[in-house]
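Enquirer: output the structure for:
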Amino acid sequence: MNIKSIILAAGKGSRMRSDLPKVMHTIGGKAMLHHVVSTCKSLGAGSVIGVVGHHAEVVMNSLPNEEITWVRQEDQLGTGHAVMQTIPEIDDNDVVLIAYGDVPLVRTETLKPLCDCIGEYDFALLTSKLDNPFGLGRIVRGSNNEILEIVEEKDADDEIRKIQEINTGIVAAKGAHLKRWLSMLDNDNAQKEYYLTDCVAHAVAEGAKVTSVDCQDPNEVQGVNNRQQQAMLERAFQLNQVNSLMSEGVTVLDPSRLDIRGSVSVGTDVLIDINVVLIGDVKIGDNVTIEPNCILENAVIGSGVTVKANSVIEDAIIGDDCDIGPFARIRPGTVLSSRSKVGNFVEIKKSVVGEGSKISHLSYIGDTEMGSNVNIGAGTITCNYDGVNKFKTIIGNDVFVGSDSQLVAPVKISDGSTIGAGSTITKDAPEQQLTLSRSKQISIPSWIRPQKNK
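Expert: A predicted model of the protein is given here:
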């Protein structure tokens, strides 16, 4: 089926109290509009039309790699008016789906049955039943349960307001019918707007076949108009993500305190403690433990890894059986080979750490190629930046670097070298030798410690 999706994204979103267009606000680290575009594209063959208005360039520029036909709604005069702007893009034989850029959680599994109705039916509505439908348009049905019309809250009488079945605004129709019904719309209502929902009454008056699909989860069709609703949907989105992980066997110690802002793939026997944030594309192997307060962004974590509390791993590859943290920062371009260890208050950037090597505490390693079975003592830094250019440090296999050492790049520490504690190394260190640089230690017997004046 060729489905042409129209996504309405023109609103300002005044209640968000933000200069950013409403549809650009995020759920799960991704703009709401981007969620909806992905869902519509997942329906199969067919194009996507985006209706933009407020800060149109910001919205359009946010999706530079997507094939979307953009249509402008210069004046926001209602949902019907917004869809009217797309009429030149609609062919008579199209199955047209109308969705909303501020309704981010609607699923493919919900929209597909709605579109599948078109053919047997002329018009299909996505509806839902709410305990408290205040503010939403109600589905008015006849004695045979047939849909008669949709009445907006502000135009409804007391009897209609008692109806719990609401219009989500998401509809599907055949292109020829939709264009005809749009041409019949007027703005004779409390808001002086052109309501898309009035197409239902016109369809019924013509004798068209109108049906509905019920959405069981109200969060799927909840729109975002303010920060409170955004926060509510964020929690709903996160719970869905966490439930998916747990269904794959992941132990999540507190599902309410894990945030996933991207895609995550996991192996078996993974444990995730509280306040962990997973961003971008994260891949986690088997038998991995992630302790509290860690952030993993675009990271590949091998099997048997422990990421201890308060550690940050970004754009890095962690080999099998590594031990990281606590309070470690692994920056972009880092590769830790298997069985390596990065301890507390260690920062590594754009470096390769060889198999079995250890950087246990209080060190900075940047722009470095490190061999296997290296031991880096506490307080060691690679001085890789002269204020203008970056330089590389090469450390061979089986090297021991004593505490509080500075390796001033470009420099090579050859296999089996030992660097004495407190050294500043500016020249290459030869294999299998002790290299150190220290000033002479002296003691001054006549020295008197300063004292405060009384």
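
Enquirer: tell me who's in contact with residue 195.
Expert: 78-80, 150, 152, 185, 189 (CB atoms under 8 Å, 6 or more residues apart in numbering). C-betas here are computed from N, CA, C, even on glycine.

Enquirer: and which of the residues you listed is nearest residue 321?
Expert: residue 79 (56.2 Å; CB to CB).

Enquirer: isn't that closest one right up against residue 199?
Expert: No. Using CB atoms under 8 Å, residue 79 makes no contact with residue 199, being 9.9 Å away.

Enquirer: who's more crowded, these two?
Expert: Shown here are residue 79 and residue 199; by other CB atoms under 10 Å, residue 199 has more neighbours (27 against 24).

Enquirer: tell me the contacts of that one?
Expert: Residue 199 touches 80, 123, 171, 173, 178, 181-182, 184-185, counting by CB under 8 Å, 6+ apart.

Enquirer: out of these, who has the most neighbours?
Expert: Counting by other CB under 10 Å, top hit in these: residue 173 with 30 neighbours.

Enquirer: need the pLDDT of that residue.
Expert: Looking at residue 173, its pLDDT is 97.

Enquirer: ranges for the helices of the stretch 1-150 of the chain?
Expert: Per DSSP state H, counting those that start in this stretch, the stretch 1-150 of the chain carries helices over the ranges 32-41, 56-61, 79-84, 108-116.

Enquirer: residues contacting the residue lying closest to residue 81 once chain neighbours are set aside?
Expert: Taking CB to CB, 6 or more residues apart in numbering as the measure, residue 81 lies nearest to residue 194, with 4.2 Å between them; neighbours along the chain are not counted. By CB under 8 Å, 6+ apart, the contact set of residue 194 is 77-81, 84, 185-187.

Enquirer: hey, where'd the strands end up in the stretch 351-454 of the chain?
Expert: Secondary structure of the stretch 351-454 of the chain by DSSP state E, counting those that start in this stretch: the strands cover 352-353, 358-361, 364-366, 368-370, 375-376, 381-383, 393-395, 400-401, 406-408, 411-413, 418-419, 424-425, 434-435.

Enquirer: contacts for the fifth one, please.
Expert: With contact meaning CB under 8 Å, 6+ apart, strand 375-376 is reached by 357-360, 363, 365, 399-401.

Enquirer: sec struct for residue 205, please.
Expert: What DSSP: H, G, I helix; E, B strand; the rest coil gives for residue 205 is helix.

Enquirer: residue contacts, it?
Expert: Contacts of residue 205 (CB under 8 Å, 6+ apart): none.

Enquirer: strands - which of the contacts of residue 195 land there?
Expert: residue 150 (DSSP state E).

Enquirer: columns pLDDT on top of the contacts of residue 195, output as TSV?
Expert: Below are the contacts of residue 195 laid out as TSV (pLDDT from 0 to 100):
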residue	pLDDT
78	93
79	94
80	96
150	91
152	87
185	95
189	83
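
Enquirer: of the contacts of residue 195, which is the nearest to residue 380?
Expert: The closest of the contacts of residue 195, once distances to residue 380 are taken by CB to CB, is residue 79, at 62.9 Å.

Enquirer: what's the nearest residue to that closest one if we skip its chain neighbours?
Expert: residue 196 (4.0 Å).

Enquirer: from residue 252, how far off is that neighbour?
Expert: Note on residue 196: its distance to residue 252, by CB to CB, to the nearest Å, is 41 Å.

Enquirer: how about the helices in the stretch 201-350 of the chain?
Expert: So, for the stretch 201-350 of the chain - with DSSP H, counting those that start in this stretch - the helices run 227-247.

Enquirer: in which helix or strand does residue 177 reside?
Expert: Using DSSP states H and E, residue 177 maps to helix 175-183.

Enquirer: name the surrounding residues that touch that helix.
Expert: In contact with helix 175-183 (CB under 8 Å, 6+ apart) are residues 4, 80, 83-84, 87, 90-96, 122-123, 173, 199, 202-203, 208.

Enquirer: just the buried ones from these?
Expert: 4, 80, 83-84, 90, 94-96, 122-123, 173, 199, 202-203, 208 (16 or more other CB atoms under 10 Å).

Enquirer: let me know the closest of the contacts of residue 195 to residue 11.
Expert: Closest to residue 11 out of the contacts of residue 195 is residue 79 (9.9 Å), distances taken as CB to CB.
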